[in-house]
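Trainee: Got a sequence here, can you model it:
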Amino acid sequence: MKKVLTYGTYDLFHVGHLNLLKRAKELGDYLVVAVSSDAFNAIKGKKCAIPDYERMAIVEAIKYVDEVIPENSWDQKVKDIQEHDIDIFVMGDDWKGKFDDLSEYCEVVYLPRTPDISTTAIKKQLKLK
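Mentor: Numbers count the residues shown, from 1 in each chain. Take a look at the predicted model:
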């Protein structure tokens with residue numbers, strides 16, 4: 001079985017998130033998704049509209065997702081890859097090059113983002129209304 005791992009915040013879940021999860025699942029048989037915790041987002045200076053336990057429930061309900069785990073720190077990725085026996089690590093291409101060091105543990109793939117959609121853009125639109 002080929003296992004795939006990806007990470008994200010998944011705040012204000014949108015079609016770009018869905019497309020990434022679908023394409024990640026197409027790379028393997030089993031998709032593990034790490035969702036950034038509220039505590040970790042605070043460390044990153046991010047504030048979410050939706051609490052972590054709800055974001056995790058939303059992601060877990062997506063048919064492409066087999067397992068959801070919390071992301072609590074930047075440095076947990078190697079441990080997650082090893083503990084979950086991951087073959088492919090996937091991120092959006094806005095992170096291109098940032099995780100190349102993980103290729104020591106598994107294949108690293110950067111997928112193109114869905115054009116014209118992002119959580120940041122949605123949040124900006126909501127502020128205008």
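Trainee: what does stretch 39-55 contact?
Mentor: Residues outside stretch 39-55 that contact it (C-beta atoms under 8 Å, 6 or more residues apart in numbering): 9-13, 35-38, 58, 70-73, 123. Where C-beta positions appear, they are placed from N, C-alpha and C, glycine not excepted.
Trainee: which two in those are spaced the farthest apart?
Mentor: The most widely separated members of these are Ser73 and Lys123, with 24.4 Å between them, by C-beta to C-beta.
Trainee: where does His17 land in three-state SS?
Mentor: Recorded secondary structure, His17: helix (DSSP: H, G, I helix; E, B strand; the rest coil).
Trainee: Next up, the contacts around the closest residue to it other than its chain neighbours.
Mentor: Residue nearest to His17 in three dimensions, not counting chain neighbours: Tyr10, with 5.5 Å by C-beta to C-beta, 6 or more residues apart in numbering. Contacts for Tyr10 (C-beta under 8 Å, 6+ apart) come out as 17, 35-36, 55, 58-59.
Trainee: Need these in CSV (columns: pLDDT, neighbour count and secondary structure).
Mentor: CSV is the format used below for the contacts of Tyr10 (pLDDT from 0 to 100; neighbours: other C-beta atoms under 10 Å; DSSP: H, G, I helix; E, B strand; the rest coil):
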residue, pLDDT, neighbour count, secondary structure
His17, 92, 23, helix
Val35, 98, 24, strand
Ser36, 97, 23, strand
Arg55, 97, 24, helix
Ile58, 97, 16, helix
Val59, 98, 19, helix
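Trainee: No further questions, thank you.
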